[in-house]
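Enquirer: Show me how the following folds:
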Amino acid sequence: MYRVGLGSDIHRFETGRKLVLGGVEIPHLGTFFPGDEKNKDRPSSEILSEVCRRVWDMGYQIINADIVIMAEKPKLTEYKELMKTKIAALMNVQPHCVGVKATTGEGMGAIGRSEGIFCQTVVLLKLRDNEQEITEV
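Expert: Numbering: from 1, shown residues only. Sure, this is the predicted structure:
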């Protein structure tokens, strides 16, 4: 059995707050993880690790992930491979199983005005051999 999961996230840029994407600090700046004080400055690597643990506990393994980041700035081309490597390690998959793409908002909307950054991820999961699906953890 296979499953696909899709996630999105968007954040307004804040002066003095670090920008960390895919576990990589970039110079510049949910249901399971609400935008409250507990999670406000929580590293995304911790959140991803917890999500991966929950996926495993539900009887699934991660097959691959594809990530699209929309931001006018900073330009992310030089960081994509390092992000891919770090994300793969957190997800316990090979780097070729993680795709990281970056695009801009073409000057349109909040992203185009450089007011924030948007990320969308799709993940393919496979029910591990000899496992039965657990619907909640």
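Enquirer: where are the low-confidence patches of the chain?
Expert: Along the chain, the model assigns pLDDT under 70 to residues 1, 3, 5-9, 26-32, 34-35, 133-137.
Enquirer: cutoff 50 now
Expert: The model of the chain has pLDDT under 50 over residues 29.
Enquirer: Mind checking what helix or strand follows the longest helix along it in sequence?
Expert: In the chain, ranked by residue count with DSSP state H as the criterion, the top helix is helix 44-57. Later in the chain than helix 44-57, the nearest helix or strand by DSSP states H and E is strand 60-70.
Enquirer: by contact count, what packs against the helix or strand following that following strand?
Expert: Next along the chain after strand 60-70, taking DSSP H and E as the criterion, comes helix 80-91. Helix 80-91 is packed against strand 24-26, helix 44-57, strand 60-70, strand 98-103, with contacts defined by 3 or more CB pairs under 8 Å, 6 or more residues apart in numbering; DSSP states H and E. Where C-beta positions appear, they are placed from N, C-alpha and C, glycine not excepted.
Enquirer: What are the contacting residues of helix 80-91?
Expert: Residues outside helix 80-91 that contact it (CB atoms under 8 Å, 6 or more residues apart in numbering): 21-24, 45, 48-49, 52, 62, 65, 67, 76, 94-95, 97-102.
Enquirer: Which of the residues you listed are buried, as a ChimeraX select command?
Expert: Command for ChimeraX that selects the buried part of these, burial taken from 16 or more other CB atoms under 10 Å:
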select :21,22,23,24,45,48,52,62,65,67,76,97,98,99,100,102
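Enquirer: nearest residue to residue 110 other than its sequence neighbours?
Expert: If the residues on either side of it in the chain are set aside, residue 110 comes closest to residue 116, at 5.5 Å by CB to CB, 6 or more residues apart in numbering.
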